[in-house]
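Trainee: below: sequence and its predicted model.
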Amino acid sequence: MFGILNNSLAKRTTPRLKSWADMLYWTTSWSFSGARANPRLTEAEKDHLRTNGYLKIENFVPDVVSKRLRKRIVERINEWDSTTSQSVFSSHRTEKQYKDTYFLNSGDKICYFWEEKAQEVNANKELGINKVGHSLHTLDDLFKGYVYGYVGPLCYDVGMVNPILLQSMYIFKQKGIGGEVSPHQDSTFLFTEPMSCYGFWLAVDETNVENGCIYVLPKSHQTYPLFQRFVRISDEQTQMIEYQSAGDKNISLNSIDKSQGVPVECKSGDLIILHGKVIHWSEQNTSTNPRHAFMMHCVDGQYHYPVDNWLQYPKGKPFPKFTQTDLQKQAQYQQMILNPQKQYQ
Ligand SMILES: O=C(O)CCC(=O)C(=O)O
Ligand SMILES: [Fe+2]
């Protein structure tokens, strides 16, 4: 926790301006209603991420961004015919193989997944939904404005050469029934060779230990191997492959010491960047407060993307890239969500 605090406080109160880029960042970072105007990472932030496997950025987006994302998802849920999905999301399924074509075909669509306990408590769709995925960022202009205007540029800062905006999820973690997300590494789900996945998790609501904030095991991206891979074994079935943790039978995801986890509590508009191998989790939301979040997962397109990764696009349809041209249009993309009544190319 102190690492994060030190990092952000040091930056805000005693800027060590190493370059003109740092100077520009410092002078503009407070200018948009408390949010930093420039989403790009400073060298100190890159260092923190490299060392610890995660980074919290306070006030990553202005309030209006998280408010608009929240409002749009509520509109979408209201419009959704909830009889069209029976698909349930649970991060701790016990079956080794799991059949769900709706899920497997959702990579380039907007699909709706139920909370595990929704049926048990007879929840309506507003309170029973677990997440919406996996391509709001290409199919909805507001989500596109946020992702292309704020997240895409960070892909270059974390070292990607050909960023791919692979998978997005609006995650609800409903009050009362929002299930735990068990300890995992995101490269398990979005694997490349070599690994290149990063998760960009935006707190739409305030998150804390009561309503199920993210916990991270610092430095675990360096101290642990990849434990599992989640693969598709046919057009309708997936499987979790367990690795024998590099020969050491004593370590597994189930046996990690959760007490060493750091709760990364957030205000609405804060962002957590997660290295694809860092171990993280979240507990059940037993509180009476909602905990909405929006996760964008990216990988580097310069690396091999295996055909047995669960997420595949239809044949011939390329994954959404974030190019240098997109980078130059950052301000225009931001306008898609800051000023949504206007039309932008
Ligand atoms: O929102 C959460 O609690 C966890 C999300 C997460 O870890 C993921 O989407 O990979
Ligand atoms: Fe994750």
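Mentor: Alright, I've got the coordinates. Numbering: from 1, shown residues only. Ligands and ions are numbered 1, 2, ... in the order given.
Trainee: can you pull the contacts of residue 126?
Mentor: By Cβ atoms under 8 Å, 6 or more residues apart in numbering, the residues touching residue 126 are 74, 77, 78. (Each C-beta comes from the backbone N, C-alpha and C, glycine too.)
Trainee: switch to 6 Å and redo it
Mentor: If a contact means Cβ atoms under 6 Å, 6 or more residues apart in numbering, then residue 126 has residue 77 as its contacts.
Trainee: how much space between it and residue 115?
Mentor: 11 Å (Cβ to Cβ, to the nearest Å).
Trainee: okay, now the residue of the chain at minimum distance from ligand 1: neighbour count?
Mentor: Going by Cβ to the nearest ligand atom, ligand 1 is nearest to residue 282 of the chain, at 3.2 Å. By other Cβ atoms under 10 Å, the residues close to residue 282 number 26.
Trainee: ok, now how distant is it from residue 72?
Mentor: 23 Å.
Trainee: and for residue 229?
Mentor: With Cβ to Cβ as the criterion, residue 229 and residue 72 are 33 Å apart.
Trainee: same check on residue 210?
Mentor: Separation of residue 210 from residue 72 (Cβ to Cβ): 26 Å.
Trainee: now residue 190
Mentor: Residue 190 sits 24 Å away from residue 72 when distances are taken as Cβ to Cβ.
Trainee: cool, and residue 181?
Mentor: Distance, residue 181 to residue 72, by Cβ to Cβ: 23 Å.
Trainee: just residue 212 next, same as before
Mentor: Distance, residue 212 to residue 72, using Cβ to Cβ: 22 Å.
Trainee: who's more crowded, the two?
Mentor: Set residue 212 next to residue 72 and count neighbours by other Cβ under 10 Å: residue 212 wins out with 27 against 19.
Trainee: wait, the more buried one sits on residue 285?
Mentor: Yes: under the criterion of Cβ atoms under 6 Å, residue 212 makes contact with residue 285 at 4.0 Å.
Trainee: overlap in contacts, the two.
Mentor: Residues touching both residue 212 and residue 285 (Cβ under 6 Å, 6+ apart) are 173, 178, 291.
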